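>>> Based on what follows, work out the 3D shape:
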Amino acid sequence: MAALAWRVQVLCTNAMADFVTRFAPSPTGRLHLGHAFSALTAFDAARAACGRFLLRIEDLDAGRCRPEFDAAIFEDLAWLGIDWETPVRRQSEHMGAYARVLDDLIARGLVYRDFRTRRELADESQQAPHGPAEVVRGGPAPDEAERLAARQPFAWRLWLDRALDAIDGPLAFDCDGVRTHAEPHRLGDAILARKDFPTSYHLASVHDDALQGVTHVIRGEDLREAAHLHVLLQKLMGWPTPAYRHHALIVGADGKRLAKRDRAATLHALRETGETADAVRRRLGLT
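Presented below is the predicted three-dimensional model:
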């Protein structure tokens, strides 16, 4: 038995570098059952593969993130029986790293300033051939110099046409176990940063996955489309592309996916009623 245990330990030690996944919540509210499903799915996958499980705090939204919600994340995950490597990366502490990536994209002419407001974009979308679902495409405004002189706010958008011209080879990636060709045009010229803020979710998330050696991104179905953009960003920056897995979303009694405003479904509320972590697993079908 001792020899078998030693062999299993050696195999797991060797496998750790081959499977790295993460759970990356934002501290903008209490975790709910949907978060529990995502965290447990990733944690169980890492454990089954004798891999590594990371926790990353995506606290870029300074207006909505709260210290009490940050602390609650640790409390809720520990209650679920999840453990993670330390130190935990907090994105708000690494703005300089994201700014350097943005500077690189600017220098290569792969992003442009978009001065249009949300109202202007909505009006343009209504007039577009395909209606409101039309994605943003284009390039710098012809009156960019005047707008800059007037100090108007703007967003840095990925210049998709130039980005696609800048890469060699196919944009292939592993999506839910199937070799897939990325189609970043689905998101158009996505926002990567703003005038006074050097990153977006897309840029920071992809940067951190590469930095932390994440090999498997396990997250909700609602982020499936984002993977197509993320693969392009990885290719542009010379970063490795992880395998992507998208799980079903947990919905409430009304059939809508859970949100942080659904207080009855928060892990804190369930714990207060006496529900156990094992009961949560059974409720989520993760026995």
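
>>> where does the stretch 151-287 of the chain dip in pLDDT?
Within the stretch 151-287 of the chain, the segments meeting pLDDT under 70 span 260-264.

>>> List of residues touching stretch 60-76?
With Cβ atoms under 8 Å, 6 or more residues apart in numbering as the test, stretch 60-76 has contacts from 25-31, 35-36, 55, 57, 59, 91-92, 199-201, 204, 267-268. Any C-beta I mention is one placed from the backbone N, CA and C, and that applies to glycine too.

>>> how about it: buried residues?
Neighbour-count burial for stretch 60-76 flags L60, C65, F69, D70, A72, I73, D76 (criterion: 16 or more other Cβ atoms under 10 Å).

>>> Mind checking which of those are in helices?
Residues from the buried residues of stretch 60-76 lying in helices, with DSSP state H as the criterion: F69, D70, A72, I73, D76.

>>> need the contact list for the spatially most central residue of the chain.
Per Cα atoms, centre = their mean, the C-alpha nearest to the average position across the chain is that of S205, at 5.1 Å. Contact criterion Cβ under 8 Å, 6+ apart gives A24, E58, H230 as the residues in contact with S205.

>>> Just the closest of these to D83, please.
Lowest distance from D83 to the contacts of S205 (Cβ to Cβ) belongs to A24, with 16.2 Å.

>>> Find the nearest non-adjacent residue to that closest one, please.
R56 (4.2 Å; Cβ to Cβ, 6 or more residues apart in numbering).

>>> ok, that neighbour - how many residues close by?
Counted with other Cβ atoms under 10 Å, the neighbours of R56 add up to 20.

>>> what do you get for I57?
By the criterion of other Cβ under 10 Å, I57 has 20 neighbours.

>>> Name the helix or strand for S38, please.
S38 is located in helix 33-48, with elements delineated by DSSP states H and E.

>>> so the next helix or strand after that helix versus helix 33-48, what angle?
Sequence order places strand 52-57 as the next helix or strand after helix 33-48, per DSSP H and E. Angle of strand 52-57 versus helix 33-48, following axes from the mean of the first three to the mean of the last three Cα atoms, to 10 degrees, is 150 degrees.

>>> circling back: for the helix holding S38, give the mean pLDDT please.
Across helix 33-48, the average pLDDT comes to 97.

>>> what helices or strands is that helix leaning on?
When contacts are defined as 3 or more Cβ pairs under 8 Å, 6 or more residues apart in numbering; DSSP states H and E, helix 33-48 sits against strand 20-23, strand 52-57, helix 67-79, strand 216-220, strand 243-247, helix 267-272, helix 277-284.

>>> can you pick the most crowded of the contacts of S205?
H230 (26 neighbours).

>>> ok, that residue - contacts?
Counting by Cβ under 8 Å, 6+ apart, H230 has contacts H202, S205, V206.

>>> What separation do you get for E93 and D70?
Here E93 is placed at a distance of 12 Å from D70 (Cβ to Cβ, to the nearest Å).

>>> Looking at the record's assignment, how would you partition the protein?
1-93+251-287, 94-204+226-242 (automatic domain parsing).

>>> could you dump the ones you listed to CSV with distance to V217?
Listed next are these as CSV, based on distance: least, Cβ to Cβ, whole Å:
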stretch, distance to V217
domain 1-93+251-287, 7
domain 94-204+226-242, 5
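
>>> With respect to H216, which of those lies nearest?
Once the domains of the chain are compared by Cβ to Cβ, domain 1-93+251-287 is nearest, at 4.5 Å.

>>> wait, L284 sits on I250?
Yes. Counting by Cβ atoms under 8 Å, L284 touches I250, with 7.0 Å between them.

>>> shared neighbours of these two, which are they?
Jointly contacting L284 and I250 under the rule Cβ under 8 Å, 6+ apart are L33, F37.

>>> Which one of the two is surrounded by more residues?
I250 (19 against 16).

>>> Identify the spatial nearest neighbour of the more buried one, chain neighbours not counted.
That would be G34: by Cβ to Cβ, 6+ apart, it lies 4.2 Å from I250.

>>> State the distance from the one you found to A48.
According to Cβ to Cβ, G34 and A48 sit 21 Å apart.

>>> Give me the more crowded residue out of those two.
For G34 versus A48, the count of surrounding residues by other Cβ under 10 Å is larger for G34: 23 against 9.

>>> Next one: that one from D83, what distance?
Per Cβ to Cβ, G34 is found 21 Å from D83.

>>> Likewise for D123?
In terms of Cβ to Cβ, D123 sits 50 Å off from D83.
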